[in-house]
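Visitor: predicted model and sequence follow; I will ask about them next.
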Amino acid sequence: MTSATKQKGKMKPSMRSPLAASPQPVGLPAGMWERISQKAFELWQDRGYRDGHDLEDWLDAEAIVMEEIHEARE
């Protein structure tokens, strides 16, 4: 006799953003996460609040903040 049972332990992985799973990554200097987060938010605002570009905004914000820090050290 065959029964239709679900396999336990094999659930579909969450579709959540990697950033949502780890809101404050380890290894960033104090205040860096906040600066990048604020800049990413500003980029999202400049984009007209369109969704779907969160990773791009975050990476662009990282580059901008790192450039600001580099220029300040010169």
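Guide: Ah, there it is.

Visitor: give the contact list for the closest residue to Asp60 other than its chain neighbours.
Guide: Of all residues beyond its chain neighbours, the one nearest Asp60 is Leu43 (5.8 Å), with distances taken as C-beta to C-beta, 6 or more residues apart in numbering. Using the backbone N, CA and C atoms, a C-beta is placed for each residue, glycine as well. Residues near Leu43 by C-beta atoms under 8 Å, 6 or more residues apart in numbering: 57, 60-61.

Visitor: host element of Leu43?
Guide: Here Leu43 is covered by helix 32-46, with elements defined by DSSP states H and E.

Visitor: now do that helix, average pLDDT.
Guide: Helix 32-46 carries an average pLDDT of 95.

Visitor: quick check: what element follows it along the chain?
Guide: helix 54-73.

Visitor: for that following helix, buried residues please.
Guide: Buried residues in helix 54-73, defined by neighbour count with 16 or more other C-beta atoms under 10 Å: 57-58, 61-62, 64-65.

Visitor: just the residues you listed now: which is nearest Ala30?
Guide: Ala30 lies nearest to Val65 out of those, by C-beta to C-beta, at 13.5 Å.

Visitor: isn't that closest one up against Trp33?
Guide: No - between Val65 and Trp33 there is no contact under C-beta atoms under 8 Å: 10.0 Å.

Visitor: on that earlier part again, from the buried residues of helix 54-73, pick the one nearest Pro29.
Guide: Nearest to Pro29 out of the buried residues of helix 54-73 is Val65 (C-beta to C-beta; 10.8 Å).

Visitor: TSV please, covering the buried residues of helix 54-73 and showing pLDDT and distance to Leu28.
Guide: TSV is the format used below for the buried residues of helix 54-73 (pLDDT from 0 to 100; distance: C-beta to C-beta, whole Å):
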residue	pLDDT	distance to Leu28
Asp57	95	17
Trp58	94	12
Ala61	97	12
Glu62	95	10
Ile64	97	15
Val65	96	10
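
Visitor: export those to CSV and tack on distance to Lys39?
Guide: Shown next, in CSV, are these (distance: C-beta to C-beta, whole Å):
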residue, distance to Lys39
Asp57, 8
Trp58, 9
Ala61, 4
Glu62, 8
Ile64, 6
Val65, 6
